[in-house]
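Asks: how would this look folded up:
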Amino acid sequence: MKKLEKIHTIYKEIIFSTKESLTIVRKLQKKECIYLAKYVTKRVLLAIVTVFIVCGITFFSMNAIPGGPFDGEKALSPEVKEALEKRFNLDKSVPEQFVLYLKNLAHGDFGVSAKTGRDIKTTIFESFKVSAKLGGMAIITALILGLIFGSIAALTRNKLPDRLIIFLSTLFTSLPSFVFASLLLLVFCVTLKWIPVWSPSNPNYLLPVIALSAYPMAYITRLTKTSMLDVMGQDYVRTARAKGVAKLKVIFKHTLRNALIPVVTYVGPMTASILTGSLVVEKIFTIGGLGAKFVEGITNRDYPMIMGTTIFLAVLMVTMNLITDIVYKAIDPRIKLD
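Replies: Model (predicted):
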C-alpha cells in the first residue's frame, strides 16, 4: 500500500513538473513572438524612413540638374510646353513639387510618364516581370553553383579542384558584370553566332543569366569555402566523425547547414546587386525590363519614371534585408535580433 502511495506521489510530481515545463515553454514562445513582432514593426518604420530619405535625395538631385523633361522637345510651342509643365507641377517650386508628389504617393499614385503618358505603376509591374524572371534565374544559379563550388573547394583544400575554383572565382569577382556581358555578346552572338541575340519573339536568357550570376556566384563560393573550413574545425564535427557518422551526413547536416549563415547574410545585398546590375545588362542585351525603363527615364529626363523605379527598388531592397534578418533567426535560433 505504501509503495502504491509512493508511486502515486511520484506520478503526480511528474505530471506537475511536465505541466510546469509546458507552461514555461508557452511563455517563452509567446515572449519570442512578441519580441519578433516588435522587431519587425521597428524595421518597417525604419524602412519607411529610409525610403523617404531615398525619395527626397533622388527628387532634389534630379531637379538640381539644369533643364527639364520638355526642354529637348523641338516641336513644342511655348503654350504647349507651359501646359505640360503645369500638368506635371513643374511650374511650382521644387519643395512644393515634392510635397505634392508625396501626397499622391501616399494614395498609391506614382503618376504618368512625362514622355509616353503611360501609368508609371503599370509600366513598372509589367517591366519588372521580365527583370524578376532574369534576376530570379541569376540568383538561383549563383546560390546553387556557389554552394556547390564552395563546398568542393573546402573539401579539396590545397588540391587542384580548390585552386582552379579559387582562380575562377577571383577572376569573376574582379570582372564587372557589364564588361562580362559585352564579352559574352561579342563572342557567342556576334563572332561565333552560337546563341541568338535576345528578342521578344525569341527570349534567350542564357547569356544574361551567366553575366548577372558570375560575380555573386564567385563571392558565394569564397564565402562558403571560408565558412565551411571554419565549421569543419569545430569540436562537434570532429565528434560526429569519431562516432562514425556517414560522411555525407556530416557534410550536409553538421557542416554545410552551419556554414550557411554568412551566405544568408549576403543574399539581401546580392539581390540588390543583381537587380541594379541588371540595369546595364538589360540595356546591353536589349531586354525590355525594369532596368531598360530606368535607363530610358534618366536619358529622357522622365522625372515620374525615375522616381517610380527608384522608390520601387528601394522598397525591394529594404524588404529583402528584413527577410534576410528573419531567416538568420530560423537558421540559428541563438542569433539575437537587435
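Asks: quick one: buried residues of stretch 244-262?
Replies: For stretch 244-262, the buried set under the neighbour-count rule, 16 or more other C-beta atoms under 10 Å, comprises Val250, Ile251, His254, Thr255, Leu256, Asn258, Ala259, Leu260, Ile261. C-beta coordinates here come from the backbone N, C-alpha and C atoms, glycine included.
Asks: What segments of the protein are strands?
Replies: With DSSP state E as the criterion, the chain has no strands.
Asks: Break it down into its structural domains.
Replies: 1-64, 120-331 (automatic domain parsing).
Asks: Deepest-packed of those, please.
Replies: Most buried of those, by mean neighbour count (mean count of other C-beta atoms under 10 Å): domain 120-331, with a mean of 18.
Asks: from the buried residues of stretch 244-262, which is closest to Thr141?
Replies: Nearest to Thr141 among these is Leu260, at 17.5 Å by C-beta to C-beta.
Asks: how near is Ser93 to Glu85?
Replies: Remark: distance between Ser93 and Glu85 (C-beta to C-beta, to the nearest Å) = 13 Å.
Asks: Who has more neighbours out of those two?
Replies: Glu85 (16 against 10; other C-beta atoms under 10 Å).
Asks: Pull the contacting residues for the more buried one.
Replies: Taking C-beta atoms under 8 Å, 6 or more residues apart in numbering, we find Glu85 in contact with Gly68, Phe70, Asp91.
Asks: List just the nearest of the residues you listed to Leu36.
Replies: For those, the nearest to Leu36 is Gly68 (47.1 Å; C-beta to C-beta).
Asks: My read is that that closest one contacts Arg301, right?
Replies: Yes. Counting by C-beta atoms under 8 Å, Gly68 sits close enough to Arg301 to count as a contact (6.5 Å).
Asks: measure the nearest residue to Val295 once chain neighbours are set aside to Lys133 for me?
Replies: Once flanking residues are discounted, Val295 sits nearest to Lys283: 5.3 Å by C-beta to C-beta, 6 or more residues apart in numbering. Lys283 sits 17 Å away from Lys133, going by C-beta to C-beta.
Asks: any weak-confidence spans in the stretch 201-338 of the chain?
Replies: Scanning the stretch 201-338 of the chain for pLDDT under 70 picks out the ranges 254, 273, 276-277, 328-338.
Asks: residue boundaries of the helices in it?
Replies: Using DSSP state H, counting those that start in this stretch, the helices assigned to the stretch 201-338 of the chain run over residues 206-232, 235-242, 247-249, 260-284, 290-299, 303-331.
Asks: tell me the angle the fifth one makes with helix 260-284.
Replies: Right, the one you point to is helix 290-299. Angle, helix 290-299 to helix 260-284, by axes from the mean of the first three to the mean of the last three C-alpha atoms, to 10 degrees: 60 degrees.
Asks: Need the helices of the stretch 201-338 of the chain in CSV (columns: distance to Ile34).
Replies: Shown next, in CSV, are the helices of the stretch 201-338 of the chain (distance: least, C-beta to C-beta, whole Å):
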stretch, distance to Ile34
helix 206-232, 32
helix 235-242, 32
helix 247-249, 37
helix 260-284, 24
helix 290-299, 38
helix 303-331, 14
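Asks: Let me know which of these is the nearest to Ala154.
Replies: With C-beta to C-beta as the criterion, Ala154 lies closest to helix 206-232 of these, at 3.8 Å.
Asks: Could you check the angle the closest one makes with helix 235-242?
Replies: 90 degrees.
Asks: helices or strands up against helix 206-232?
Replies: For helix 206-232, the packing partners by 3 or more C-beta pairs under 8 Å, 6 or more residues apart in numbering; DSSP states H and E come out as helix 120-155, helix 160-174, helix 177-184, helix 260-284.
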